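1. pasting a predicted model and its sequence here:
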Amino acid sequence: MKSGFKALAFLVISLLFTSCGGGGSSSSQESFVAGNGSVTFINPDKRVEAPALSGMTLSGTNYRYSVGKVAVVNVWASWCSPCRAEAPTLVALANKYRDVAFIGILTRDNPATAEAFQRRFSLPYPTLIDDSLLIGFKGSLPANAIPSTVVIDKAGRVAARISGAVTVASLTDLIERVSGE
């Protein structure tokens with residue numbers, strides 16, 4: 001009985017130590033919040049304008065999103081496990097929906113590591129390196145977890161958010177719904 005109790009105690013303590021934090025030791029990762037994949041959709045009459053999305057990208061070019069097409073904005077970091085898990089889905093959907101603007105926003109990460117992430121997954125879309133852009137979503141659907149993905153409608157308004165890793169089904173549904181409006 002004692003050995004069973006010791007084994008259970010060891011298991012509980014091990015789980016406590018391995019399940020805390022965001023997988024790293026820097027202060028930016030300690031406040032990591034993982035989303036659960038929940039989807040929020042806003043009816044067109046309740047939407048608010050998205051912030052202007054422009055600035056320097058990881059590749060060193062300037063980018064500016066132009067209102068008039070649906071946009072998928074993905075907030076990510078290279079140290080984030082769910083971000084790595086969802087990257088192939090985002091790449092596949094960006095290649096499938098060429099009429100949709102896919103945009104990344106790097107948060108709490110260093111550019112060199114993020115560039116390696118971008119090369120590893122062959123991200124076919126620009127990633128803005130100014131995470132202060134996230135403040136502009138405060139009045140609508142803020143990026144409340146890493147990763148978070150926001151869908152912007154053709155009028156430049158925030159239409160939906162996925163809090164946590166996207167799936168093919170969840171993001172395809174939002175792209176189709178918003179594109180069909």
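-> Now that the structure is in, tell me what you want to look at.
2. how near is Phe41 to Val168?
-> Using Cβ to Cβ, to the nearest Å, Phe41 is found at 17 Å from Val168. C-beta here means a position set from N, CA and C on the backbone, and glycine is covered the same way.
3. repeat for Arg84
-> For Arg84, the distance to Val168 - Cβ to Cβ - is 16 Å.
4. more crowded one of these two?
-> Each of Arg84 and Val168 has its neighbours counted (other Cβ atoms under 10 Å); Arg84 has more, 17 against 14.
5. does the more buried one sit in a helix, a strand or a coil?
-> Arg84 falls in the helix class when you classify it by DSSP: H, G, I helix; E, B strand; the rest coil.
6. for Arg120, see how far away it is.
-> As judged by Cβ to Cβ, Arg84 and Arg120 stand 9 Å apart.
7. now stretch 149-159, how far from the centre of its chain.
-> Distance, stretch centre to chain centre, for stretch 149-159: 14 Å (Cα atoms, centre = their mean, to the nearest Å).
8. what sits up against that stretch?
-> 41-42, 44, 47-50, 65, 67-75, 90, 137, 140-141, 143, 160-162, 166, 171, 174-175, 178, 181 (Cβ atoms under 8 Å, 6 or more residues apart in numbering).
9. now list the buried members of the residues you listed.
-> Among the contacts of stretch 149-159, those scoring as buried are 42, 47, 50, 65, 67, 70-75, 90, 137, 140-141, 143, 160-162, 166, 171, 174-175, 178 (criterion: 16 or more other Cβ atoms under 10 Å).
10. show me the residues you listed that map onto helices.
-> Among these, the members falling in helices are 90, 171, 174-175, 178 (criterion: DSSP state H).
11. now, which of those sits nearest Tyr125?
-> Using Cβ to Cβ, Leu90 is the member of these that lies nearest Tyr125, at 8.0 Å.
12. cool, thanks, talk later.
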